[in-house]
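J.: Predicted coordinates and the sequence they were generated for:
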Amino acid sequence: MAVELEFTLKSLRFDEDYRPADNTRATTNFANLARGNNRQENLRNALRMIDNRFNALAHWDNARGDRYSIELDIISVEMSLGLEGHSEAFPLIEILKTTVVDQTTSERIEGMVGNNFSSYVRDYDFSILLREHNRNQASFSVPDNFGNLHGNLFKCFLNSKAYKANFNKSPVICLSASSSKTYYRTDNRHPVLGVEYRQGECSSTDQYFSKMGLKVRYFMPQDSVAPLAFYFLGDLCGDYTNLELISTISTMESFQRIYRPEIYNANSAAGAHYRPSLEHQDYSLTQIVYDREERSRLAVEQGRFAEEHFIKPYQPLLEQWSATYAA
């Protein structure tokens, strides 16, 4: 049987009335906020934080700091293998799409696609495969071909008719800096992205995302306290407008301030040599509830889901497809 991947995109608005879809990964940043008794207040505060940060960065012709607002849509990507008798779609990834609303001109401006990135297969790779591979190892290592399947699935999606019909530009994914690496401040400064940092060595996430065809650069925007990792294709500084870049910074930095306050809501900014730490004690908490321990536990559960419903049933076919696609 030959695998012929087909992708279907669904969109759901992320606002104060958001409720996660049934097939949304429970560990997804936005899904974690939309639970509990204070779910609506949680969401409202997070969205207000994003808007405030956007206006602070887009300060030109914006004297009152309220010209812009951000609309967020969760893009869920389902994939079918095109096998006879196997029509069930598997939830592949979720990303965020931003739209900038100019309150002065009533214009709706295309923002960035990507931003957040969640993937069941990545949960399997990191929470199941990698852990089992290192269970009895004297030193840490990664399995042969680690991330190859996930990377090829992602590249196939970007090259698909479904992606090209919905998005005009390549995605930019913005993540936290790695707490296991040291970052060094450079003299390079971008008017929106801020001061650039370089990493001493690649992290496992960098290597994993490189399998997806993505490069990485680290920037600390104005009034931020730690660099963010930007994963991209092409030219990060040349392919996107200032408002597109600001839409990513304001969205993902706000999420990181909620999820990793020890790093992104610290009371002092990163120095010339910077090592992020979740053990840092000098930081401020937001008024937004987030359960980090639950997220770690659910990552394992969702990795098992991918193993049971996707990896094990189709592993020989997937490996054959991946090798052929790479060639």
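T.: Perfect, thanks for sending it.

J.: quick one, strands of the stretch 201-327 of the chain?
T.: 215-220, 228-232, 273-274 (DSSP state E, counting those that start in this stretch).

J.: swap in the stretch 51-200 of the chain?
T.: 68-80, 90-102, 107-119, 172-176, 183-190, 194-199.

J.: Export those strands as a markdown table, with columns for mean pLDDT, mean neighbour count and distance to Ala58.
T.: Heads up, the C-betas are built off the backbone N, CA and C, glycines and all. Below are these laid out as a markdown table (pLDDT from 0 to 100; neighbours: other CB atoms under 10 Å; distance: least, CB to CB, whole Å):
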| stretch | mean pLDDT | mean neighbour count | distance to Ala58 |
| --- | --- | --- | --- |
| strand 68-80 | 95 | 19 | 6 |
| strand 90-102 | 95 | 21 | 8 |
| strand 107-119 | 95 | 21 | 11 |
| strand 172-176 | 96 | 22 | 17 |
| strand 183-190 | 97 | 15 | 15 |
| strand 194-199 | 97 | 18 | 14 |
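
J.: So for Glu262, which of those sits nearest?
T.: Glu262 lies closest, by CB to CB, to one member of those: strand 172-176, at 10.6 Å.

J.: Sheet-wise, list the partners of that closest one with their directions.
T.: If you go by DSSP bridges, strand 172-176 pairs up with strand 107-119 (parallel), strand 228-232 (antiparallel).

J.: Could you export those strands as a markdown table, including distance to Asn37?
T.: Formatted as a markdown table, the strands paired with strand 172-176 follow (distance: least, CB to CB, whole Å):
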| stretch | distance to Asn37 |
| --- | --- |
| strand 107-119 | 24 |
| strand 228-232 | 31 |
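
J.: Relative to Leu43, which of the ones you listed is closest?
T.: Here strand 107-119 is closest among the strands paired with strand 172-176 (CB to CB), at 14.7 Å.

J.: so the closest residue in space to Met252 that isn't next to it in sequence bridges to which residues?
T.: With sequence-adjacent residues excluded and distances taken as CB to CB, 6 or more residues apart in numbering, Met252 is closest to Cys174, at 3.8 Å. Cys174 has these beta-bridge partners by DSSP bridges: Phe230.

J.: you'd agree Cys174 is up against Ile246?
T.: No: counting by CB atoms under 8 Å, Cys174 does not reach Ile246; the two are 11.7 Å apart.

J.: ok, Asn62 touching Tyr68?
T.: Yes: using CB under 8 Å, Asn62 makes contact with Tyr68 at a distance of 7.2 Å.

J.: which residues are common contacts for these two?
T.: Contact criterion CB atoms under 8 Å, 6 or more residues apart in numbering; residues shared by Asn62 and Tyr68: Asn55.

J.: what about the residue nearest to His59 when sequence neighbours are not counted, neighbour count?
T.: If the residues on either side of it in the chain are set aside, His59 comes closest to Gly65, at 7.2 Å by CB to CB, 6+ apart. Neighbour count of Gly65, defined by other CB atoms under 10 Å: 13.

J.: Can you tell me how far Gly65 is from Asp239?
T.: As for Gly65, its distance to Asp239 is 28 Å (criterion: CB to CB, to the nearest Å).

J.: now do Ala2
T.: 35 Å.

J.: again, but for Gly82
T.: Applying CB to CB, the value for Gly82 to Asp239 is 32 Å.

J.: what does Ala269 give?
T.: When distance is defined by CB to CB, Ala269 is 28 Å away from Asp239.

J.: Looking at those two, which one has more neighbours?
T.: In terms of neighbours (other CB under 10 Å), Asp239 is the more surrounded of Ala269 and Asp239; the figures are 14 against 11.

J.: Next, the contact list for the more buried one, please.
T.: Here Asp239 is in contact with 169-170, 232 (criterion: CB under 8 Å, 6+ apart).

J.: let's see it at 10 Å
T.: Listed by CB atoms under 10 Å, 6 or more residues apart in numbering, the contact set of Asp239 reads 169-170, 172, 232-233, 245.

J.: can you check Gly82 too?
T.: Here Gly82 is in contact with 1-6 (criterion: CB under 10 Å, 6+ apart).

J.: residue ranges for the helices of the stretch 1-150 of the chain, please.
T.: Using DSSP state H, counting those that start in this stretch, the helices of the stretch 1-150 of the chain run over 29-33, 39-57, 120-123, 130-133, 148-158.

J.: buried set for the longest one?
T.: Within helix 39-57, the residues that qualify as buried are 39, 42-43, 45-47, 49-51, 53-55, 57, counting by 16 or more other CB atoms under 10 Å.

J.: swap in stretch 222-239?
T.: Residues of stretch 222-239 classed as buried by neighbour count (16+ other CB under 10 Å): 224-233, 236-237.

J.: Tell me how far it lies from the chain's centre.
T.: Put simply, stretch 222-239 sits 13 Å off its chain's centre (CA atoms, centre = their mean, to the nearest Å).

J.: coming back round to it: what's the closest of the contacts of Gly82 to Ser277?
T.: Leu5 (40.3 Å).
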